[in-house]
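J.: Output the structure for:
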Amino acid sequence: YLMEGSHKERDQSINYLMKTFNQPDMELTTTLNLLVEVMEEPIVEELVCHISDVRRCEGACYALMGMLGDRSLYTKKTWGFRLRRALQERMSECGAVDACAETILTWDVSSSKLKRKAASIELMAKLFEDNSSLSCRLISSNSRILVATIACLEFIQKEVDLEGGEGNYDDDLCCARIAVASRKLLEEINYEDELDEEVRSPSERSERRVSEASKERSEA
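T.: Numbering: from 1, shown residues only. The predicted structure is shown next:
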């Protein structure tokens, strides 16, 4: 039903997958059994196709993130960790990262589209978790992924204070989600030092650049 069903059937299928793999406190063995069951069909590929779908993007992203699971449950150098890496690779090969990047770069500010941005950044960060080789490979082959990643700095700088904001609550919540996910994404591709400098001390950075420029002119 994900690709060929009616609108209602597609929504129901995505909602079912999203809820199935995002159950609270689900045991690892249960998760693995469910993965074995759904992998008999091209579920991953079909969910990735829906990332660019305005109506189904958020649900598809949540379903894919649920399939990847919580990385704290997958200890490194174990078969569970290798399975998670394989899923990251498969989703990426299907175009999940590219689709997320395009959604992030879409110029829009409406509430529904902010939710799409948040889900896309969250999924992109999840795909790059503990997998810097994957992020480096994809970024080198598609510059728009890098542009989308760096664009997340803008979302961080415009983070909304939920307690003191006077705007729409849903918009504020989306902006907060975007900011948190953006930090996570940048950290996963080893931009943590640059992120700290860019976000925490913009005024100090500007002052240092002015000072360096003045010193160069005086020496000249």
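J.: where do the helices sit along this structure?
T.: Along the chain, the segments classed as helices by DSSP state H run 7-21, 28-38, 43-49, 57-68, 79-93, 96-105, 111-128, 132-141, 143-157, 169-188, 192-200, 202-219.
J.: Ranking helices and strands of the protein by mean pLDDT, which lands last?
T.: helix 192-200 (a mean of 44; mean pLDDT, DSSP states H and E).
J.: Return the residues in contact with the closest residue to residue 46 other than its chain neighbours.
T.: Leaving aside its chain neighbours, residue 46 sits nearest to residue 2 (4.1 Å; criterion: C-beta to C-beta, 6 or more residues apart in numbering). To be clear about C-beta, it is placed using only N, CA and C from the backbone, and glycine gets the same treatment. Residue 2 is in contact with 10, 13, 14, 43, 46, 47, 50, counting by C-beta atoms under 8 Å, 6 or more residues apart in numbering.
J.: so which pair among those is furthest apart in space?
T.: Among these, the pair separated by the greatest distance (C-beta to C-beta) is 10 and 43, at 12.8 Å.
J.: who's more crowded, the two?
T.: Each of residue 10 and residue 43 has its neighbours counted (other C-beta atoms under 10 Å); residue 10 has more, 21 against 18.
J.: looking at it, the more buried one is touching residue 60, isn't it?
T.: No: counting by C-beta atoms under 8 Å, residue 10 stays clear of residue 60, with 10.0 Å between them.
J.: Which residues are in contact with each of these two?
T.: Counting by C-beta under 8 Å, 6+ apart, the residues touching both residue 10 and residue 60 are residue 50.
J.: follow-up on the earlier one: among the helices of the chain, show the one with the smallest mean pLDDT.
T.: Mean pLDDT is lowest for helix 192-200 among those, at a mean of 44.
J.: Would you mind listing the residues in contact with the closest residue to residue 17 other than its chain neighbours?
T.: Nearest residue to residue 17 in three dimensions, chain neighbours excluded: residue 63, at 4.1 Å (C-beta to C-beta, 6+ apart). Counting by C-beta under 8 Å, 6+ apart, residue 63 touches 14, 17, 18, 21, 22, 47.
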